[in-house]
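Asks: What shape does this take:
(2 chains)
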Amino acid sequence: VSDSSAQRVTVRVPEHAELPLTDLLAALLAAPPSTPFAEDALAFVDAFSRRLLADPISRAHPELMALGFFMRKAEITRAQADRAAAARPELVEVPVGLVFHIPPANVDTIFMYSWLQALLAGNCNLVRLSARSSPVVDHLCQLLCELLAAPAFAAVRGRVAMIQYRHDVAITSEISAHAGLRVIWGGDATIDAIRHAPLPPHGRDLTFADRFSLMALGSTAVAAASAAALATLVEQLFNDLYWFDQAGCSSPRLCLWIGSDDQAAAARSRLWPALAAFANHRGYHPDLAMRMAKEVFCHRAVLDGPVSARRHYGAALTVLEVSTLEGLGRDHPGAGLLFEAVVASLDELVPWVTRKDQTLTHFGLAHEQLLDLARQLAGRGLDRMVPVGQALQMSRWWDGYDLASEMIRRVHIVK
Amino acid sequence: VTAVTAFDESLLDAPLYGLPQADKERRLTAALAELTAHHRAACPSYRRLTDVPYLPVGLFKSHRLASVPADQITTTLTSSGTTGQVPSQIFLDQATAHRQTRALAAIMSHILGPRRIPLLIIDTSDLLKNRVAFSARGAGVLGMMTFGAQPRFALDPGMQLDRVVVEEFLAKHGEQPFLIFGFTFMIWATFLEQIRDLGMDLSRGILVHSGGWKKLADRAVDNPTFKAELRRATGLRRVYNFYGMVEQVGSVFLEGEDGLLYPPAFADIIVRDPETMEEAEVGSIGVIQTVSMIPTSYPGHSLLTEDLGVIERIDQAGLPGCGRLGKAFRVVGRIPRAELRGCSDTHAATAEAHS
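Replies: Here you go, the predicted model:
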């Protein structure tokens, strides 16, 4: 491991600079401590949300609009009310200290959710941005720099640095050695690699590994849906599947039809052509390399898995029917490919689910069925069940964590 | 497993570049249908992939696909690929290997004439050390050695020019037609680079080369530049590029005198519209599908490649002296890689650096 004291890193936020890592860390660690939901952090998040929602560039990026909505005042106020309701007089909530965020390179907005949550909790934040910039990330950095330049946010400014550095174990280790909490977004290989860098004895990791997600649709509900309801469903599925070329961890890759074979046949013959037509209408068109990868994947799936039928609905959608979930793997090429299976009830899903399974998006199912599924699974898998259309909607409850709660510590005071 | 069904192999004896497209297509389509039935009967994996018009070449990287029992496999070919890539595996039996040899012989004698002429290989003899599993490069060299007499290797094991070998070869054979074979990039980057200023005379040589233009395109070297520079430095005038892949043995699409590539009678090319995957118009760039009646030991008679190409004309005997019928095409390049999105494996490079 090389000596990191002389290492310089590129700082993007709060202002562009090349700084020795040691100086940057020292400044962050010396920032005056704050408290959860401090006024200046709340005001900053509110200002950021308003800037983002009013920003013409955001309009072209649904993920930026979603971020703006998630952080808007009404949402934050609701989170505060939840917290106040759960408050216990013998507990005092305090920040965990320095939070080191390592977001994924290609989902441009996740680092914002993670560090703003940590900021609201009163922490100092060091965010490692991917060395490969994207227009969305550049735009967010510029926006943050502008806001943080305001005198009102001077204290907030002292509690954040977003940096870029080439893959360097020494730098990762140096930062980790001071982190009370490290937030690592996958893939699995990244998590393994980062974990080689030790945290202080009290430090913790929040890890967001590679995940698989699926949807469960009530066959009769789809078959019986009015034209308007079907159109709404199709738009919601489009958002779930295609925002990130179906490569987001929460995008469904398997569709379970709940009901009989006949009911499923009636439902799928309505839904898939409509979804493919909508995707075309929206101009979704995976590029040639992704379609070729999907083609090779389909052939491999037919040879290796329980695939019983293959249906193409144009370039945007291919559906591989599986006769049984047993033996169905979780590899997936993205770009508009769904496995589908017909099951009599959600019970049939239980033996197949593993810890890798994250989100179940649902339509036409009773709330009690979902609660029952969660109890039957008893923690073996699935961390979220949300209605169709919300697969990619970030929430404070993610991958089994309550993010807001993970970012604070509680001091227990007994009279 | 059924034995190889008898099928109409008469296209192997047809004029290589002399059949009108419609005539060729009628005969080739009939032979390919018989091959599809054969592979369906003989290869369980192929049978599972019902109604596929072609197999993507990538499938040979992940699956062992054979239409003959294991004890009939005489040769296993592997694609060289770049480091870290899984190679394709191609299984040949005696019948397929024999048909491949006949096919190559027909194509080579078209430009070399009926007699075997001396062969200079722009590679190292180390390539042939492993006789069990040949890389595509080794198989290509070995295949070519059957058409040349007294083969010599122009490069030493360190891939540097063996000047003594080349000078001896030219002293002995340089006054009469001789064959030069090698891989496109090596000929440019190693061979030409090192003999450029030696004043060697290759004017009686016939160069046959393959391997793709990607690395040369990165250096802004196209086929006309390649030929012009070789001619200027060595006097070499007869230069034939060919397009082919280990996954479809025998499909050697050789460059005509007009610089375009031509399928032989027993193979063909289909360019597919990247949007619809329907057959593209003449003049439109699309994904290259290759068909061939050579492979019976593995289901490789119809393959979807990862290359882009364009058919320039059909049944129009190009420039004077070319006179080939059928499809004339160019390979434009590889399908560009997609940029990955999503939240998995995005720090793969980080992980590598850490591990």
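
Asks: can you list the residues of the stretch 151-300 of chain B near chain A?
Replies: Within the stretch 151-300 of chain B, the residues that sit near chain A (C-beta under 8 Å from any C-beta of the partner chain) are B:274, B:275, B:287. For the C-beta atoms, the positions are set from N, CA and C on the backbone; glycine is no exception.

Asks: between those, which is nearest chain A?
Replies: residue B:274 (4.8 Å; C-beta to the nearest C-beta).

Asks: what about the closest residue to that closest one other than its chain neighbours, neighbour count?
Replies: In space, residue B:274 comes closest to residue A:288 once its chain neighbours are excluded; the distance is 4.8 Å by C-beta to C-beta, 6 or more residues apart in numbering or on different chains. Neighbour count of residue A:288, defined by other C-beta atoms under 10 Å in any protein chain shown: 18.

Asks: In contact with residue A:288, which residues?
Replies: By C-beta atoms under 8 Å, 6 or more residues apart in numbering or on different chains, the contact list for residue A:288 reads B:274, B:287, B:335, B:336.

Asks: Apply 10 Å and report the result again.
Replies: Contact partners of residue A:288, counting by C-beta atoms under 10 Å, 6 or more residues apart in numbering or on different chains, are A:315, B:274, B:275, B:286, B:287, B:306, B:308, B:335, B:336, B:338.

Asks: Give me the pLDDT for the fourth one.
Replies: So that's residue B:286. pLDDT for residue B:286: 96.

Asks: what's stretch A:406-415 in contact with?
Replies: Contacts for stretch A:406-415 (C-beta under 10 Å, 6+ apart): A:35-37, A:83, A:88-97, A:99, A:114-115, A:117-123, A:125, A:180-181, A:183, A:202, A:204, A:206, A:396, A:398, A:401.

Asks: In chain B, what residue spans correspond to helices?
Replies: All helices of chain B, identified by DSSP state H, fall at B:21-42, B:44-48, B:59-62, B:94-112, B:136-145, B:163-173, B:184-186, B:193-195, B:214-218, B:223-234, B:348-354.

Asks: What is the neighbour count of the residue of chain A found nearest chain B?
Replies: Here the residue of chain A nearest chain B is residue A:247; by C-beta to the nearest C-beta that distance is 2.5 Å. Using other C-beta under 10 Å as the criterion, residue A:247 is surrounded by 22 other residues.

Asks: can I assume it sits in a strand?
Replies: No. Secondary structure of residue A:247 (DSSP: H, G, I helix; E, B strand; the rest coil): coil, not part of a strand.

Asks: what's the closest non-adjacent residue to residue B:300?
Replies: residue B:248 (5.1 Å).

Asks: Do you have the strands of the stretch 251-355 of chain B handy? List them.
Replies: For the stretch 251-355 of chain B, applying DSSP state E, counting those that start in this stretch gives strands covering B:253-255, B:261-262, B:267-272, B:285-292, B:302-314, B:327-334.

Asks: Hmm, residue A:185 is touching residue A:115, no?
Replies: No. Counting by C-beta atoms under 10 Å, residue A:185 stays clear of residue A:115, with 11.9 Å between them.

Asks: Between these two, which contacts overlap?
Replies: A:101, A:103.

Asks: List the contacts of residue B:276.
Replies: Per C-beta under 10 Å, 6+ apart, neighbours of residue B:276: A:314, A:315, B:286.

Asks: Same check on residue A:222?
Replies: A:229-230, A:233, A:257-259, A:263-264, A:266-268, A:270-271, A:363-364.

Asks: Mind telling me what element it is part of?
Replies: Take DSSP states H and E as the rule and residue A:222 turns out to sit in helix A:219-224.

Asks: Give the pairing partners of whichever strand or helix holds residue A:257; include direction for each.
Replies: Assigning secondary structure by DSSP H and E places residue A:257 in strand A:252-258. According to DSSP bridges, strand A:252-258 has the following sheet partners: strand A:212-218 (parallel), strand A:337-343 (parallel).

Asks: Hmm, residue B:162 is touching residue B:190, no?
Replies: No. Using C-beta under 10 Å, residue B:162 makes no contact with residue B:190, being 11.2 Å away.

Asks: I'm done for today, thanks for sticking with me.
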